[in-house]
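**Q** Need coordinates for the following:
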Amino acid sequence: MLNKKWTTISFFILVLVQLAVPSFMILTQEEIQTEGKAFRFKTRPVDPYDLFRGKYITLNFENQFIYLDPNGEPIHPDKIEENATTEFQEQNSEEYQSQVDTTELKFQKNDNVFIVIDEDENGYAFISDISKQIPDWTVNYIQVFVKRVDREGRLFKFTVNLPFKRFYMNEAKAYEAEKAYNETQIEAIDSDSINTSAVSTPEPKNTYALVYIYKGKSSLKDVIIEGESILDVVNKRLKEKESEKDAEK
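**A** So this is what the prediction gives:
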């Protein structure tokens, strides 16, 4: 009898936990979107052999890295090329080498770090700072891990793993959404290959993710294709398919 009683209590506790966890997650997402700032993260195509994964589409981002100079100072994306080729006058000095060693060892692969998100002149997100401590001067930061470390000229490139690469949606629409997303990205690449000057222009890509950032947390709200929500794009495509089927009858 006692065992049956505890079994019943355990069952109800399990049910309450299963109900509480999704509710807490929803409330957390609502807080981020209410209190946080919305950023537009420009996207790139995903691997065409890694498309549909079920109930979500996968995203890849252009600006998921930050460059530091030998002093450990962040370099703005617009200044990366000129700073990479600039040489220190005393490059062979012990002081210079010490600065290089310190910067190189500051962040290692798989380190947990905090990155600060800012906006460029076109209103798109980029990583403006990186630290192992919580940045107390802003709420526009998230916690990530360092994916890889590269040396480019005199600069150090730290690529991070952004935590919002999956956009969940209705499983019946996810495949169509993935197709719409990748087709838009391929069109953008084709356009760039035709117009070689497009490589150096600051014109935004056709697709971006709308992400809210607040005190270390993030919430992926939408994926925008040519100024339109991916959900609306998919609904239009599905309606067109239905119309084509009706016309064939």
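**Q** contacts and neighbour counts: CA atoms only from here.
**A** Will do.
**Q** any idea how far residue 144 is from residue 155?
**A** When CA to CA, to the nearest Å is applied, the distance between residue 144 and residue 155 equals 21 Å.
**Q** OK, contacts around the closest residue in space to residue 123 that isn't next to it in sequence?
**A** Computed as CA to CA, 6 or more residues apart in numbering, the closest residue to residue 123 that is not its neighbour in sequence is residue 40, at 7.2 Å. Counting by CA atoms under 8 Å, 6 or more residues apart in numbering, residue 40 makes contact with 123, 124, 125, 208, 209, 210, 211.
**Q** Any chance of those residues in CSV with pLDDT, distance to residue 166 and neighbour count as columns?
**A** Compiled in CSV, the contacts of residue 40 are given as follows (pLDDT from 0 to 100; distance: CA to CA, whole Å; neighbours: other CA atoms under 10 Å):
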residue, pLDDT, distance to residue 166, neighbour count
123, 94, 22, 12
124, 95, 19, 18
125, 97, 18, 23
208, 94, 13, 27
209, 95, 10, 27
210, 96, 12, 20
211, 97, 12, 21
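**Q** and which of those is nearest to residue 70?
**A** For residue 70, the closest of the contacts of residue 40 turns out to be residue 125, at 24.2 Å, with distances computed as CA to CA.
**Q** Report pLDDT for the residue nearest to that closest one when sequence neighbours are not counted.
**A** Beyond its immediate neighbours in the sequence, the residue positioned closest to residue 125 (CA to CA, 6+ apart) is residue 119, lying 4.6 Å away. Predicted confidence (pLDDT) at residue 119: the value is 96.
**Q** For residue 119, give me its contacts.
**A** When the contact criterion is CA under 8 Å, 6+ apart, the partners of residue 119 are 39, 125, 126.
**Q** May I ask you to confirm that residue 217 belongs to a strand?
**A** Yes. Inclusion of residue 217 in a strand is indicated when DSSP: H, G, I helix; E, B strand; the rest coil is applied.
**Q** can you tell me how far residue 243 sits from residue 236?
**A** Taking CA to CA as the measure, residue 243 and residue 236 are separated by 10 Å.
**Q** no no, residue 109
**A** As judged by CA to CA, residue 109 and residue 236 stand 43 Å apart.
**Q** isn't there a helix covering residue 242?
**A** Yes. Assessed by three-state DSSP, residue 242 belongs to a helix.
**Q** Spit out the contact partners of it.
**A** Taking CA under 8 Å, 6+ apart as the test, residue 242 contacts no residue whatsoever.
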